[in-house]
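Engineer: coordinates only, no sequence provided:
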Ligand SMILES: NC(=O)CC[C@H](N)C(=O)O
C-alpha cells in the first residue's frame, strides 16, 4: 500500500503523519505542494496539520490553491482515500472536497490538550476499527476548529451517517459537536483532532494507531 503526505510551507505535522502511515505498513512518500503530481499508484493521500502559509488569509485558503490539490481532488474523484488532519481538514474544506468551514474557536484561544471524542460511525475504512459510540482520546491543537455548515449540510451529514467523530465536551463551539466528517463516498475524512499523535504508548496513547491499522487492512482487502 502506498501513502503520500503533502507538504506545504508551514506544515508541521507532516513527519508525524508519515511515521503513522509507515508504522501501519504504508510505503510513504512526501510530496512538496508545488509538485503537481502524486506518486504512481498512491492509495491514500494525507494532508497534514500545521500552519500552511502562516494561516493567511484563512487557515488552508492559500494551500487549497496549490497545484498539488488539483491532483488530490482528481485522486478523490477516482475514489481514492484522503485523510486531512487539523490544518489538513481546513485545506479539504477550502478545496471543497468536504463541506462546511472551520472558524475561529468560540473561546478565541488556541486550544492544545488531550480531547475525549465519541466515534460517530464505524462505517469507513478509517473508523472501522472502532465501534460507533466508542470513546477515544486524541490530542487537539488549533485556533480555528469551530466547524460550521448550513442547516441543509448538517442534516445531510447526520442523515448519511457521515459524522466520523464528535467532541465530548465541546472545546471550540463546533456545530453539533462535530470533530470530523466524511465525504459522500466515505473515502475522504477530515478531522481536527490528531490521530497521528497517539500511535505509540510513549506519546501518551494509542487510540490513533487503530485508524492507520484499519485503513491499511481495508486497502489490502480492497
Ligand atoms: N495543528 C494544526 O494543524 C493547526 C491548524 C490551524 N493552523 C489552526 O490553528 O487552527
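Structural biologist: Nice, thanks for sending it over. Please read all numbers here as calculations on a predicted model, not as lab measurements.
Engineer: for this protein, which segments are assigned as strands?
Structural biologist: Ranges of strands in the chain, per DSSP state E, are 2-7, 27-32, 44-47, 81-85, 101-103, 111-119, 135-142, 146-148, 163-167, 178-182, 188-191.
Engineer: next, the buried residues of the second one.
Structural biologist: For strand 27-32, the buried set under the neighbour-count rule, 16 or more other Cβ atoms under 10 Å, comprises 28, 30, 31. Glycine gets a C-beta too; all of them are placed from N, C-alpha and C.
Engineer: now, which of those residues sits nearest the ligand?
Structural biologist: Nearest to the ligand out of these is residue 30 (Cβ to the nearest ligand atom; 16.8 Å).
Engineer: now do the phi/psi pair for residue 59.
Structural biologist: phi -50, psi 120 (degrees, to the nearest 10).
Engineer: same question for residue 125.
Structural biologist: When read as degrees, to the nearest 10, the backbone of residue 125 gives phi -70, psi -20.
Engineer: do you know how far it is from the ligand?
Structural biologist: Distance of residue 125 to the ligand, computed by Cβ to the nearest ligand atom, to the nearest Å: 22 Å.
Engineer: contact partners for that residue?
Structural biologist: By Cβ atoms under 8 Å, 6 or more residues apart in numbering, the contact list for residue 125 reads 81, 186, 187, 214, 215, 218, 219.
Engineer: tabulate those (TSV), appending distance to residue 41, neighbour count and pLDDT.
Structural biologist: Shown next, in TSV, are these (distance: Cβ to Cβ, whole Å; neighbours: other Cβ atoms under 10 Å; pLDDT from 0 to 100):
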residue	distance to residue 41	neighbour count	pLDDT
81	13	26	98
186	21	18	98
187	16	20	98
214	21	19	96
215	16	28	98
218	17	19	95
219	11	18	92
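Engineer: which residues does stretch 138-146 contact?
Structural biologist: For stretch 138-146, the external contacting residues (Cβ under 8 Å, 6+ apart) are 49, 55, 58-59, 86-87, 90, 102-106, 109-115, 117, 171-174, 192-195, 197-198, 205, 207-208.
Engineer: go on, stretch 163-176?
Structural biologist: With contacts defined as Cβ under 8 Å, 6+ apart, stretch 163-176 is touched by 105-107, 111, 113, 115-121, 124, 126-127, 135-136, 140, 142, 145-149, 154, 157-158, 177-182, 189, 191-193.
Engineer: repeat for stretch 206-222
Structural biologist: By Cβ under 8 Å, 6+ apart, the surrounding residues in contact with stretch 206-222 are 1, 20-21, 23-26, 43-44, 81, 83, 125-130, 136-138, 194-200.
Engineer: for this protein, what's the longest helix?
Structural biologist: Longest helix of the chain, by residue count under DSSP state H: helix 207-221.
Engineer: now the strands of the chain as CSV including distance to the ligand?
Structural biologist: Converted to CSV, the strands of the chain look like this (distance: least, Cβ to the nearest ligand atom, whole Å):
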stretch, distance to the ligand
strand 2-7, 13
strand 27-32, 17
strand 44-47, 10
strand 81-85, 7
strand 101-103, 7
strand 111-119, 9
strand 135-142, 3
strand 146-148, 9
strand 163-167, 15
strand 178-182, 13
strand 188-191, 11
